[in-house]
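Curious how this folds, go ahead:
(chains A, B, C and D)
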Amino acid sequence: MGMGIDVRNKMAKRAAEEISSGMVVNLGIGIPSLVPNHLPNDMNVMFHAENGIVGMGESPVKGHEDENLCNAGGFPVTVLPGSSYCDSAVAFGMIRRGRVDLTILGSLQVNKNGDLANWIVPGKKVPGMGGAMELAQKARRVAVLMNHTDKNGNPKIVDSCTLPLTASNCVDLVVTDLAVFKIIDRSLILAERFAPYTIAEITAKTACDFSIAEDIRVIDY
Amino acid sequence: MGMGIDVRNKMAKRAAEEISSGMVVNLGIGIPSLVPNHLPNDMNVMFHAENGIVGMGESPVKGHEDENLCNAGGFPVTVLPGSSYCDSAVAFGMIRRGRVDLTILGSLQVNKNGDLANWIVPGKKVPGMGGAMELAQKARRVAVLMNHTDKNGNPKIVDSCTLPLTASNCVDLVVTDLAVFKIIDRSLILAERFAPYTIAEITAKTACDFSIAEDIRVIDY
Amino acid sequence: MNSKMDNPFGKIATLKQAMEHFHDGMTLMFGGFGGVGSPPCLIDGILEKNIKNLVLIGNDTGFPEIGIGKVISRGRAKKVIASHIGSNPVAGELMTQGKLEVEFSPQGTLTERIRAGGMGLGAILTDVGVDHEFVSKDKRKMNLNGKDYLVETGLTADVSIVYAKKADPYGNLVFDKSARNTNPLVAMAGNFTIAEAEEIVPLGSLDPEEIVTPGVFVDMVIPSEGVNWKWAWE
Amino acid sequence: MNSKMDNPFGKIATLKQAMEHFHDGMTLMFGGFGGVGSPPCLIDGILEKNIKNLVLIGNDTGFPEIGIGKVISRGRAKKVIASHIGSNPVAGELMTQGKLEVEFSPQGTLTERIRAGGMGLGAILTDVGVDHEFVSKDKRKMNLNGKDYLVETGLTADVSIVYAKKADPYGNLVFDKSARNTNPLVAMAGNFTIAEAEEIVPLGSLDPEEIVTPGVFVDMVIPSEGVNWKWAWE
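Here you go, the predicted structure:
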């Protein structure tokens, strides 16, 4: 387990590698919210929230929350120098216009073409898509952070999503607890594996074909 | 000529009677710009400009103009307490949404149904409609301030406009140097006449039928 | 309301006066995002006056006891147009029981539909969800330059309610940080718009540059007593 | 540019660097209304670099020696999309001579088309001009609930140029009074947006509440030397 950071933070750390200075980034709830912890301090990244914030900083210290300063998930946040508030229509205009460089989302399933299924939780009634479709369809790059298998051990990377799609052909990168896949021209490529998982183990837990990068990287942090 | 105010100001004074407290009013260039001079000081009227101002006040003193504070016609203005700036899209949203209570415009021709022709000047190439169509079609009330006849003595209130229309069935009131007509349910009604002009004189200079209000008012200011 | 405040436009009013504009079966649009920026006193006014059969339009259904959720979880709405109801399980139950009709719109599309209504536009064309079975169902499509778009119609309401940080007597509004969210859009879309403001300030004390919602769109301003619910994160 | 100003996003640049983004035949959108709020240094840069065959999009064609009018009256544009050219007789002459194609759009429709492009929408539906022969010519109509609307398509541009009062290093902008006009809309519609600012201020010195154009939409900021033309009213 390398330096001993937990699995969720390993995944977040890998996702953080997708971020470079100057980017506008939208983070989903859950594991993606850990990503900022793994960025260098001198990196100038603008975190975007659909409700209408650009330039979010870290979570406020407990007791110093501002009820009128929350992210799209409803959790209190802070803002950094250079931040701005806007209405929600403009916040989504940024997404549709291609001004959001990267979104890092959780998902229920991803298929080998890059279809994303993350809006209907099995067994629950339709809770609504919120802003998931805009982000999936319109962010310049879509990275998915999710466990490789569900609670019952079923693969979440599949040949064809069985759950209702959020958007098709939108996912560029999938980071799981086992591996990192790239999806290029609708083809799934195993690009990296987390130590100590073997290609065989990853293959066994993935429900579709994929190609394997020649220079496959082994991540051991 | 009553109190001796000039004809343009008589027309403007009559148009000012259409304004009541709390209204949002858009004024065209020319004679309409004289209207505010004829309002009581205690009246709370918000003057709107299409470029993005609500709450304009009087013209600045010469030498105190601000090049970045101009009305839609490009002339320096001032603002009053309660004013706001917005982008031009929002300024037109106010018009389309029916939040502009009254517009007072100049015109080339008006016909008896309330069609307005004020965007193409005879003999000139199409200069473009600017914001005239939104104002004509969407302001809650449209009042026209124009001379009764053109420079050649031809009537400007006509049976059918010979000039290209700005919008049809939009004019509610026409104030000329001779008279005031109301257009109700697409019918032209002579409602008021400026002293000393007689109904016969007005009729002779009007190129369409109209009805005459029983209680026709004589304006002698 | 400060009793000394001038009221030259007659827009400053009491909650009781505001409630005269609410009636059963009306279409009501509300500002807020997960309850943040929703007007607490007006929401309580709806409950106290027992307004029913509402058609609600807004970003989401809040939480069961937060924001508009208080109205929904008491069964006062017959229909909701929103982007999600996930944070309000009662809304989900009512939907399942057939007691609440829900029309889902992608969040960015919904905000543009509200803005379109507020700006006097008939619809907007967007490609978000155009190939999505659920989103595109029963919607008209239009092809522009070889690309398909959904025709997403503008939304207006009998009454819009918003929550502002400050209002002046003309109804000019500024908002507080992310509590701005859908409020400026909702304010424009109401046929009659009521702003609940944390503070009502004299005319002229707001900088014309900082005003987010021009008072042109606001018909009534009432003073707020502040949020009276406990946030989910608390 | 203050040489001491930090430039953490690399957006602060010189006029010369900005001009690298201009080329013959490009589509250029400009902020301003009758020249008020148009960026003087960028406009002079276009003249100095002798950029030709421009497709220009903006509210109007200014005056012959004011705003974008300087570019048009020197014959540098092949086409203009605007709401009027009335204040620039040279534009009218060029149009009459067949040297300038002009596409007229009602002003409010034009601003919404620009905003739609900037917000990533395909079009808006409006009833303004729907029964008007000239405005509706060659445009598609759509009937919604028994009412006809024109389909007015969104507009974007290779480059947008705007004029701001203040910019910070991220490109967050505030404008000056009525010089705001179309600038916030134009800023969103550029594939590459350049803001000319009267003042460039350090990151964090603009209140996040007062920012009108978020820097997300702005790719480059250059310092302005101010308006160098004489206004028509002067």
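
how far away is the residue nearest the centre of chain C from chain B?
The residue lying closest to the centre of chain C (C-alpha atoms, centre = their mean) is residue C:30, at 1.8 Å. Computed with C-beta to the nearest C-beta, to the nearest Å, the distance linking residue C:30 and chain B is 19 Å. C-beta here means a position set from N, CA and C on the backbone, and glycine is covered the same way.

Leaving out chain neighbours, which residue sits closest to that residue?
Nearest residue to residue C:30, sequence neighbours excluded (C-beta to C-beta, 6 or more residues apart in numbering or on different chains): residue C:58, at 4.3 Å.

Let me know how buried that neighbour is, in neighbour terms.
Residue C:58: 26 surrounding residues under other C-beta atoms under 10 Å in any protein chain shown.

mind listing what it touches?
C:29-32, C:38, C:68, C:80-82, C:182, C:186 (C-beta atoms under 8 Å, 6 or more residues apart in numbering or on different chains).

can you count the residues close to residue 209?
Unless you meant another one, I'm taking chain A. 10.

Please refer instead to chain C.
Residue C:209 has 15 neighbours, counted by other C-beta under 10 Å.

Please determine whether stretch C:69-81 lies in contact with chain A.
No - judged by C-beta under 8 Å from any C-beta of the partner chain, stretch C:69-81 and chain A are separated, with a smallest distance of 9.8 Å.

Same question for that stretch: list its buried residues.
Across stretch C:69-81, burial judged by 16 or more other C-beta atoms under 10 Å in any protein chain shown covers C:69-73, C:76-78, C:80-81.

Not counting its own residues, what contacts that stretch?
In contact with stretch C:69-81 (C-beta under 8 Å, 6+ apart) are residues C:25, C:35, C:43-44, C:46-47, C:51-58, C:61-65, C:87-88, C:90-91, C:94, C:99-103, C:105, C:110, C:155, C:229.

before we move on, the earlier item: for the buried residues of stretch C:69-81, which one is nearest residue B:87?
Set against residue B:87, the nearest of those by C-beta to C-beta is residue C:81 (26.8 Å).

Mind checking what helix or strand follows the helix or strand that closest one falls within in sequence?
Per DSSP states H and E, residue C:81 falls inside strand C:77-82. Under the assignment DSSP H and E, the closest C-terminal helix or strand after strand C:77-82 is helix C:89-96.

That following helix vs strand C:77-82, what angle?
Per axes from the mean of the first three to the mean of the last three C-alpha atoms, to 10 degrees, the angle that helix C:89-96 makes with strand C:77-82 is 110 degrees.

that older thread, out of the contacts of residue C:58, which are inside helices?
residue C:186 (DSSP state H).

ok, of the contacts of residue C:58, which one's closest to chain D?
residue C:182 (15.1 Å; C-beta to the nearest C-beta).

tell me the phi and psi of the residue nearest to residue C:30?
Dihedral pair for residue C:58: phi -180, psi 180, per degrees, to the nearest 10.

Also the one 5 residues further on?
With angles defined as degrees, to the nearest 10, residue C:63 sits at phi -110, psi 160.

interface residues of chain C facing chain D?
So chain C meets chain D at C:112, C:116, C:119-127, C:140, C:142, C:144, C:147, C:149, C:151, C:153, C:174-175, C:177, C:208-210 (C-beta under 8 Å from any C-beta).

mind redoing it with 6 Å?
C:121-126, C:144, C:149, C:210 (C-beta under 6 Å from any C-beta of the partner chain).

Let me have those residues in JSON lines, extended by pLDDT.
Listed next are those as JSON lines, based on pLDDT from 0 to 100:
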{"residue": "C:121", "pLDDT": "98"}
{"residue": "C:122", "pLDDT": "98"}
{"residue": "C:123", "pLDDT": "98"}
{"residue": "C:124", "pLDDT": "98"}
{"residue": "C:125", "pLDDT": "98"}
{"residue": "C:126", "pLDDT": "98"}
{"residue": "C:144", "pLDDT": "97"}
{"residue": "C:149", "pLDDT": "98"}
{"residue": "C:210", "pLDDT": "97"}
